[in-house]
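Novice: need a 3D model of the following:
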Amino acid sequence: MVVAHHVRVARPADAGPLAAIDGRVNVNPWSEQQFASACSGVDSQPASALVVAEGDRVDGFVVIFRVLDEASIHSIAVQPAHQGKGLGQMLLNAALVQMQQAGAMRCLLEVRQSNSVARRLYQRSGFTLDGVRKSYYPAEGGREDALLMSREIEGKVNERA
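Specialist: Okay, here's the model as predicted:
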């Protein structure tokens, strides 16, 4: 029996696995406690998370913040062993659909200037460059610029982007 990856809302028990994934892929990862709020399932929280899983195994996540009619992608990550398989695109598409259903009109994000893979993902999905935040991210040997990107959320979200 072949089990395919699927996207679902994060649950409180996912906080530990999300922190573990983040620790493998980010220079400055979130702690399990930081993920716990996004995985709480409480609608009044500004943060929420989606995970991409195969069976019970979580292989990636996206954390979304929503304020009024704007939403932002705060973090998106996929296990190194599962990168390059379209899971990041699945997460991004699901996040955009969730934002649209919640009434968001615009999605904002920041991405490391050196992260060319993520930048291509966002550009393919309709995000455009809005500006640069100088020396924003901690990096090995100093700091790195953040590229500020956004896209409007109107009509049908392209699920094949």
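Novice: residue 135 against residue 144, yeah?
Specialist: Yes - using C-beta atoms under 8 Å, residue 135 is in contact with residue 144, at 7.3 Å. The way it works is simple: take the backbone N, C-alpha and C, and place the C-beta from them, glycine included.
Novice: so the two - more neighbours on which side?
Specialist: residue 144 (18 against 12; other C-beta atoms under 10 Å).
Novice: run a quick neighbour tally on the closest residue to the more buried one other than its chain neighbours.
Specialist: Spatial nearest neighbour of residue 144, chain neighbours left out: residue 137 (4.5 Å); criterion: C-beta to C-beta, 6 or more residues apart in numbering. Neighbour count of residue 137, defined by other C-beta under 10 Å: 19.
Novice: secondary structure element holding residue 137?
Specialist: strand 128-139 (DSSP states H and E).
Novice: any idea which helix or strand carries residue 64?
Specialist: Using DSSP H and E, residue 64 falls in strand 57-67.
Novice: next structured bit after that strand?
Specialist: strand 70-78.
Novice: identify each buried residue in whichever helix or strand comes after that next one, please.
Specialist: Later in the chain than strand 70-78, the nearest helix or strand by DSSP H and E is helix 87-101. For helix 87-101, the neighbour count (16 or more other C-beta atoms under 10 Å) marks 87-100 as buried.
Novice: where does this structure have low pLDDT?
Specialist: Counting by pLDDT under 70, the chain contains low-confidence residues at 1-3, 41-45, 155-161.
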